[in-house]
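J.: pasting the structure only:
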């Protein structure tokens, strides 16, 4: 465990009253890096979110901090590109860490739990656009989606993640700290395109008991219209 958790405890009280939205969970993506000294408080908030059923948190480790002297063991350039894509669709002038993106639409500094709480509640209270179910069948998952209102075509994403990993950092801004990271995105695949009209059915081999998140996302504006998780 790391020493930064206490830094966010007071603000985190605001998130204790979770909205009941288990059938329409809110997705929180944290763009973070092991080389960023401002990130551990946000990493701790993401860890707290992982205990909730109404929120699906994912940590996307970016690679643009690697030059400082510590190469992030989880960083992928594809996650940096995903963050840049959000900036384009959202009209944001910059990307940064720690940045949280809520349901692909709103962003907030990841170490600000009060603002994050308001965004989570805002999205949880919106009517669901689609009904998404994901079940296991051996080493595969079966995906089923139905539209609940008018929708544009969407991409179907399958994300495999590690629930938790402990890393001892010896160089860079966090040198000397042993940090625990949670819900770490490790493999991210677009597995299909759904027209948003008729039902969608898909089957993807992921490995037995592999923790996985499925997202249905509008590629035009980044809105995540539905999500489901198998721990």
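T.: Sure thing, it's come through. Predicted, not measured: the structure shown is a model, and the values here were computed from it. Residues are numbered from 1 along each chain as shown.

J.: what's in contact with stretch 78-86?
T.: The set of residues external to stretch 78-86 that reach it, using Cβ atoms under 8 Å, 6 or more residues apart in numbering, is 31, 60-64, 92, 95, 99, 101, 104, 107, 185, 188, 222. Where you see a C-beta, it was placed from the backbone N, CA and C, and this is true even at glycine.

J.: rank the residues you listed by pLDDT and give me only the lowest.
T.: Among those, residue 92 has the lowest pLDDT, at 91.

J.: coming back round to it: just the contacts of stretch 78-86 now: which is nearest residue 147?
T.: Nearest to residue 147, judged by Cβ to Cβ, of the contacts of stretch 78-86 is residue 104 at 17.4 Å.

J.: hmm, back to that, and which of the contacts of stretch 78-86 is nearest residue 166?
T.: When the contacts of stretch 78-86 are compared for distance to residue 166, the smallest value, 14.6 Å, is given by residue 61; criterion: Cβ to Cβ.

J.: contacts only, for that closest one.
T.: Residues in contact with residue 61, defined by Cβ under 8 Å, 6+ apart, are 32-34, 72, 74-76, 79, 181, 184-185.

J.: out of the residues you listed, which are inside strands?
T.: Using DSSP state E, the members of the contacts of residue 61 that fall in strands are 32, 181, 184-185.

J.: what segments of the chain are helices?
T.: Taking DSSP state H to define them, one finds helices in the chain at 5-12, 40-49, 77-90, 113-124.

J.: hey, which of those is tucked in deepest?
T.: Per residue and on average, the most neighbours among those fall to helix 40-49, with a mean of 24 (mean count of other Cβ atoms under 10 Å).

J.: that one to helix 113-124, inter-axis angle?
T.: For the pair helix 40-49 and helix 113-124, the angle between their directions (axes from the mean of the first three to the mean of the last three Cα atoms, to 10 degrees) equals 40 degrees.

J.: can you list the low-confidence ranges for the protein?
T.: Within the chain, the set of residues satisfying pLDDT under 70 comprises 1-22.

J.: and for the residue nearest to residue 101 when sequence neighbours are not counted, the neighbour number?
T.: The shortest distance from residue 101 to any residue that is not its chain neighbour, by Cβ to Cβ, 6 or more residues apart in numbering, is 4.7 Å, and that residue is residue 29. Residues lying near residue 29 (other Cβ atoms under 10 Å) number 28.

J.: likewise for the one 4 residues further on?
T.: By the other Cβ under 10 Å criterion, the neighbourhood of residue 33 contains 29 residues.

J.: list phi and psi for it.
T.: For residue 33, the backbone dihedrals are phi -160, psi 140 (criterion: degrees, to the nearest 10).

J.: residue 205 touches residue 137, doesn't it?
T.: No. If you go by Cβ atoms under 8 Å, residue 205 and residue 137 don't touch, sitting 9.8 Å apart.
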